[in-house]
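[1] How does the following fold in three dimensions:
(chains A and B)
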Amino acid sequence: MDPIITRFPPSPTGYLHVGGARTALFNWLYARNKGGKFILRIEDTDLERSTQESVDAILQSLEWLEIDWDEGPFFQSKRFDIYRDYIRKLVENGHAYYCTCTPDEIEAMRQKAMSMGGKPKYDGRCREKNMKETPNAVVRLKAPLTGATVLPDMVKGNIVFQNTELDDFIIMRSDGTPTYNLAVAIDDITMGVNTILRGDDHVNNTPKQMLIYKALNQELPRYGHVPMVLGSDRTRLSKRHGAMSVTEYREMGYLPDAVINYLVRLGWSFGDQEFFTRKELIQKFNIENIGRSAGVFDVNKLLSLNGDHIQAADPGALVPHLLPFLEKQGVYPAPKEDLPAIIRTLNQRSKTLIEMAEGALFYFKDEITYDEKAVQKFFSAEFVEILRPLTDRIEALGDFSEKNLENPFKEMMEMTGVKFGKIAQPVRVALTGGTVSPGIFEMIAALGKEKTVKRLRQAEALMLKGK
RNA sequence: GGUCCCUUCGUCUAGGGGUUAGGACGCUGGCCUCUCACGCCGGUAACACGGGUUCGAAUCCCGUAGGGACCGCCA
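    Reported below is the predicted structural model:
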């Protein structure tokens, strides 16, 4: 078989939402899995609603998700000449015709048909008039009046449409621009696209596009219509269901790998496996395992998966992802800071990068802010008897490794008979200002001797002062 | 309303004639423990309904109900 060529054709009328991202992902994964090509095409034939900002937003989102394209982005608005050629061809070979009916007349037609219990269709009154091109005329495709169009769908199986359900739909508007169905078909034909994975909201459009292929005597692409992503109330995903745009998930501290893992797994499965690396996704993705029913977007599961990806990621690789969130908190780590070491203390306890950044703040702050209650509870003058010698021992340590840091604590426990917990908690408050943090030893190792000793001494002073 | 699609725990799903109907998220009991987490062990909870076919149906067929998508000179 010829190399697989897929595409993603967003229309730039807004940001990239998660449903669109999933469609892009399916096409991209399939192309990558098959060693084929993935094309990006911007469907901006609606000059009114298309904006450059949307184009930029969509491109940025795809780049963030690390979905790369082999060709494009192509813009339909720059291809009007091509469409016009094909439209002319269709008129010449008798598969399309000019129609001068006005929108008002069409509307009246629909009303009448509806009131008589029929379908709101164009009645074909210009169909056999053989009109020449005139200003303000539209072009309609001459759809077959009988028979059926069968869509052999890779996901849903054969879907049969009676041709009597179809009408002579418009392929060129009165202003000379092509309509969606025409532009899509012509683009896919001229770009060699042979595999189309898209939302099943397009199912009813497909016979129209197939008719265009047929009128042009072109080989059909293979279609696969994937079920929709729904909101928690099982209706089409929309703003009231919460965050929809890919960008929002980036800002909320999600990892692109987690987002693609979640999105693909919503509607596709590979046995019981839930966690997939990007590489695995490419290796394992197939069309057979795409589900048939619509899925509800569940942020909770995404969140859980994000935690899994944070945990599984190499700490060094996480640094560039984390940095923006630290900066948002006003922290600009010095080059000498060992970020991977710090991340290692936090990746087991962070579901998002925001959480991780918040959890990391204490490492960088020059002035630690103490939690009032924690100080009340754990800082006492008596504790200085333990804290001072402990600090001395920590300061004297040559090997500041996690393992070696256990020794000063052990010694203090042996000397005083005080349980570990009673020592660790005040130290934790002294070092972080609060009662929640990574494990004592890993935290101290990541903090470094200088900051550790400084903070312990400062706490000591506070304890002596009577808080 | 018409056309098309869909229906396994609350959610995502595995399974597809004989299973104690499996996993994950959530919720929950416990263990681990220096806090919070992680981790581990356990629990909760599903084949929409009705008819067939069959020795046997969640699985195949037909209905019903429910849900969704689309019916533009939007994409």
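[2] And the strands in chain A, which stretches?
    Under the criterion DSSP state E, chain A contains strands at A:5-8, A:37-42, A:71-75, A:96-99, A:138-141, A:148-153, A:157-162, A:170-172, A:195-199, A:222-226, A:229-230, A:295-296.
[3] What pairs with the third one, parallel or antiparallel?
    With DSSP bridges as the test, strand A:71-75 is paired with strand A:37-42 (parallel).
[4] List the buried residues for the strand it pairs with?
    By 16 or more other C-beta atoms under 10 Å, the buried positions in strand A:37-42 come out as A:Lys37, A:Phe38, A:Ile39, A:Leu40, A:Arg41, A:Ile42. Where you see a C-beta, it was placed from the backbone N, CA and C, and this is true even at glycine.
[5] just stretch A:55-67 next, same as before
    Buried residues in stretch A:55-67 (16+ other C-beta under 10 Å): A:Val55, A:Ala57, A:Ile58, A:Leu59, A:Ser61, A:Leu62, A:Trp64, A:Leu65, A:Ile67.
[6] hey, C-alpha coordinates of stretch A:169-181 in PDB?
    The C-alpha trace of stretch A:169-181 is given here as PDB (Å, rounded to 0.1, in the frame of the first residue of the first chain):
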ATOM      1  CA  PHE A 169     -25.500  21.400  -2.000                       C
ATOM      2  CA  ILE A 170     -23.500  24.500  -2.700                       C
ATOM      3  CA  ILE A 171     -19.900  24.100  -3.500                       C
ATOM      4  CA  MET A 172     -19.200  27.800  -4.500                       C
ATOM      5  CA  ARG A 173     -20.700  30.700  -2.700                       C
ATOM      6  CA  SER A 174     -22.000  33.700  -4.500                       C
ATOM      7  CA  ASP A 175     -18.900  35.600  -3.600                       C
ATOM      8  CA  GLY A 176     -16.900  33.000  -5.500                       C
ATOM      9  CA  THR A 177     -15.300  31.300  -2.500                       C
ATOM     10  CA  PRO A 178     -15.500  27.600  -2.100                       C
ATOM     11  CA  THR A 179     -17.600  26.000   0.700                       C
ATOM     12  CA  TYR A 180     -16.200  23.600   3.200                       C
ATOM     13  CA  ASN A 181     -17.200  20.400   1.600                       C
END
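[7] Could you give the number of residues near the spatially closest residue to A:His202 that is not a sequence neighbour?
    Sequence neighbours aside, A:His225 is the residue nearest to A:His202 in space, at 6.4 Å (criterion: C-beta to C-beta, 6 or more residues apart in numbering). The tally of other residues near A:His225 (other C-beta atoms under 10 Å) stands at 22.
[8] A:His225 reaches A:Gly199, doesn't it?
    Yes. Contact criterion C-beta atoms under 8 Å: A:His225 and A:Gly199 qualify, at 7.1 Å.
[9] which residue sits closest to A:Gly359, ignoring its sequence neighbours?
    A:Gly359 sits nearest to A:Leu346 (C-beta to C-beta, 6+ apart), 4.9 Å away.
[10] right, and the one you found touches A:Ala360 too?
    Yes. At 5.9 Å, A:Leu346 counts as touching A:Ala360 under the criterion of C-beta under 8 Å.
[11] Pop out the phi and psi values for A:Thr100.
    Per-residue torsions, A:Thr100: phi -110, psi 10 (degrees, to the nearest 10).
[12] tell me the contacts of it?
    Neighbouring residues of A:Thr100 by C-beta atoms under 8 Å, 6 or more residues apart in numbering: A:Cys126, A:Met131, A:Thr134, A:Asn136, A:Ala137, A:Val138.
[13] could I get the residues you listed as CSV with neighbour count and pLDDT?
    Output for the contacts of A:Thr100, formatted as CSV (neighbours: other C-beta atoms under 10 Å; pLDDT from 0 to 100):
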residue, neighbour count, pLDDT
A:Cys126, 18, 85
A:Met131, 13, 85
A:Thr134, 9, 86
A:Asn136, 10, 88
A:Ala137, 18, 90
A:Val138, 22, 93
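[14] for those, which one is nearest A:Gly20?
    Set against A:Gly20, the nearest of the contacts of A:Thr100 by C-beta to C-beta is A:Val138 (29.1 Å).
[15] Would you mind confirming that A:Val226 makes contact with A:Gly267?
    Yes. Contact criterion C-beta under 8 Å: A:Val226 and A:Gly267 qualify, at 6.0 Å.
[16] Compare neighbour counts for these two and give me the winner.
    Legend: neighbour count by other C-beta under 10 Å for A:Val226 and A:Gly267, higher for A:Val226 (26 against 20).
[17] what's the burial count for A:Thr235?
    Look at A:Thr235: counted by other C-beta under 10 Å, it has 13 neighbours.
[18] Does at least one residue of the lowest-mean-pLDDT helix or strand in chain A sit close to RNA strand B?
    The helix or strand of chain A with the poorest confidence is helix A:103-115; it has a mean of 79 (mean pLDDT, DSSP states H and E). Yes. For helix A:103-115 and RNA strand B, the contact criterion (C-beta under 7 Å from any atom of the strand) is met by A:Pro103, A:Ile106, A:Arg110.
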